[in-house]
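[1] sequence isn't available, so here's the structure alone:
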């Protein structure tokens, strides 16, 4: 089915802002029709710190994507990350009034809504409520309770929490750039959609997305998201260490890291030297690659140890929580030489680099399959999936309007058998996005 429905993913990162326009082709793969990139100046560790600069960067990225594709962008799916994101586990239950009727969507929605009433710290708001396993009466470990009978419905939840002000600041930047917010998604979840296979999610896998300002972690097991965390260190901290260590400017430090950087000091010989031009006629600086990789190694080791602690907190060392598929590294920081080997050495787990090319059409530009575009591809996928779900709902509604006339003529069922049709369940994110839109409209 050829689909001309266009969606846009907007990745507001610490180092770059990416706008990616795409659609699905007849093979259900993503065809990227335009991409725009701008240096991110107003974002620190995933959080907007300068509204004006962030708006300018978003507009620059969007303008570039529009001119490449010839498509006018109206609404975008935005990713949210940052050091303010935290997660917690919570169990809750509801007692059903009609235990002689089967459990349906509305019961699960009631249970999820109950979790939303949890009292958070001041200034925090629940972003995601993700059910893990359900329990019906005394029967535990149920993945899908719909259609079952039971009086008490219980579930374990993974709850993702963030700061209201940070979420609203992102919304304000998008709105002020002349765009509508069609959805907000947690960035590690978007990256996971782009680079993880269903088999990996089933077997148990930890996705580590190393960005410029933060390192995001998402753990899956039995096909369900089990744990998320945001570690407030990323590639920029490594660049800062190089800058300080060799007393050079940031631009030179970044180039050194990309061109000659390695996470494994043993790789370089003492004789390997890079010469850096001095400032304003000063003598050039000579830097040994061994010293460079020692600086990088120390910081990368710290980041990985932080992440590994989170993986252990989740329960990877228990028999039930073992992550058989190991670790998948993605994001711009995953391109650092010998990072995979260092991760395997520190954690003792298998690791691979995650490229978002599995979901892209075969003729896509090679640059798009870089790990640094994983989040943007994931956000684009999210937007396209949302559009196709909305189309299905519209089609169902049209069918309901057209078809029931004949049925009513054939038989008129007694009143007591007629049950109100369960409302189409809206995810909390849809509700949250709506309330955020209302807030931004009223703020103007």
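    In hand now; what should we look at? Being a predicted model, the structure only gives us computed values, none of them experimental. Numbering: from 1, shown residues only.
[2] all contacts plus neighbour counts: C-alpha atoms, from now on.
    Noted.
[3] domain ranges for the protein?
    86-164+403-443, 197-354 (automatic domain parsing).
[4] ok, for residue 40, nearest residue in space, not its chain neighbours?
    Distances taken as CA to CA, 6 or more residues apart in numbering place residue 16 nearest to residue 40, at 4.5 Å, with adjacent residues excluded.
[5] so residue 370 touches residue 353, yeah?
    No: applying CA atoms under 8 Å, one finds residue 370 not in contact with residue 353, separated by 10.0 Å.
[6] where do the helices sit along the stretch 101-250 of the chain?
    105-115, 164-176, 187-195, 198-203, 235-246, 250-260 (DSSP state H, counting those that start in this stretch).
[7] can you work out which other helices and strands pack against the second one?
    Meaning helix 164-176. Counting contacts by 3 or more CA pairs under 8 Å, 6 or more residues apart in numbering; DSSP states H and E, helix 164-176 is packed against strand 47-48, helix 51-69, strand 180-186, helix 428-443.
[8] for the fourth one, same thing?
    Counting by 3+ CA pairs under 8 Å, 6+ apart, the packing neighbours recorded for helix 198-203 are strand 215-221.
[9] the strand it packs on pairs with which strands, parallel or anti?
    Taking DSSP bridges as the criterion, strand 215-221 forms sheet pairs with strand 205-210 (antiparallel), strand 224-231 (antiparallel).
[10] report the angle between it and helix 187-195.
    Relative orientation of strand 215-221 and helix 187-195, computed by axes from the mean of the first three to the mean of the last three CA atoms, to 10 degrees: 60 degrees.
[11] run the chain-centre distance for strand 215-221.
    Mean C-alpha position of strand 215-221 versus that of the full chain (CA atoms, centre = their mean, to the nearest Å) differs by 10 Å.
[12] then stretch 358-371?
    For stretch 358-371, the distance to the chain centre is 18 Å (CA atoms, centre = their mean).
[13] pull out the buried positions in that stretch.
    359, 360, 361, 368, 369, 370, 371 (16 or more other CA atoms under 10 Å).
[14] backbone phi and psi for residue 45, please?
    phi 50, psi 40 (degrees, to the nearest 10).
[15] so who does it touch?
    When contacts are counted by CA atoms under 8 Å, 6 or more residues apart in numbering, residue 45 touches 14, 82, 83, 212, 213, 214, 232, 233.
[16] ok, residue 52 to residue 180 distance?
    Residue 52 sits at a distance of 18 Å from residue 180 (criterion: CA to CA, to the nearest Å).
[17] picking that back up, weakest of the helices and strands packed on helix 164-176 by average pLDDT?
    Ranked by mean pLDDT, the helices and strands packed on helix 164-176 end with helix 428-443 at the bottom, a mean of 61.
[18] one step back: can you list the strands paired with strand 215-221 in TSV and add distance to residue 44?
    Formatted as TSV, these follow (distance: least, CA to CA, whole Å):
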stretch	distance to residue 44
strand 205-210	15
strand 224-231	13
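[19] rank those by pLDDT, which is bottom?
    The minimum mean pLDDT among these belongs to strand 224-231 (a mean of 87).
[20] and that one with strand 180-186, angle?
    If you take the same axes, to 10 degrees, strand 224-231 sits at 90 degrees to strand 180-186.
[21] show me how far strand 224-231 is from its chain's centre.
    With CA atoms, centre = their mean, you get 10 Å for strand 224-231.
[22] show me which positions of it end up buried.
    Residues of strand 224-231 classed as buried by neighbour count (16+ other CA under 10 Å): 224, 225, 226, 227, 228, 229, 230, 231.
[23] turn these into CSV, including distance to residue 142.
    Below are these laid out as CSV (distance: CA to CA, whole Å):
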residue, distance to residue 142
224, 13
225, 15
226, 15
227, 19
228, 22
229, 26
230, 29
231, 32
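[24] so which of those is the closest to residue 174?
    Of all those, residue 174 sits closest to residue 230, with 22.5 Å by CA to CA.
[25] residue 350 contacts residue 326, correct?
    Yes: applying CA under 8 Å, one finds residue 350 in contact with residue 326, separated by 4.8 Å.
[26] higher neighbour count, those two?
    Neighbour totals were compared for residue 350 and residue 326, and residue 326 leads with 20 against 17 (other CA atoms under 10 Å).
[27] how much space between that one and residue 260?
    Applying CA to CA to residue 326 and residue 260 gives a distance of 28 Å.
[28] do residue 351 as well
    Separation of residue 351 from residue 260 (CA to CA): 22 Å.
[29] check residue 88 too.
    Here residue 88 is placed at a distance of 40 Å from residue 260 (CA to CA).
[30] likewise for residue 363?
    Computed as CA to CA, the residue 363 to residue 260 distance reads 31 Å.
[31] what ranges does the stretch 251-400 of the chain have for its helices?
    In the stretch 251-400 of the chain, the helices defined using DSSP H, counting those that start in this stretch lie at 289-314, 339-347, 374-402.
[32] that's a strand at residue 93, yeah?
    Yes: the assignment for residue 93 is a strand, going by DSSP: H, G, I helix; E, B strand; the rest coil.
[33] for it, name its beta-bridge partners.
    Judged by DSSP bridges, the bridge partners of residue 93 are residue 154.
[34] residues in contact with it?
    By CA under 8 Å, 6+ apart, the contact set of residue 93 is 111, 152, 153, 154, 155.
[35] for residue 266, which residues are in contact?
    Applying CA under 8 Å, 6+ apart to residue 266 gives the contacts residue 290.
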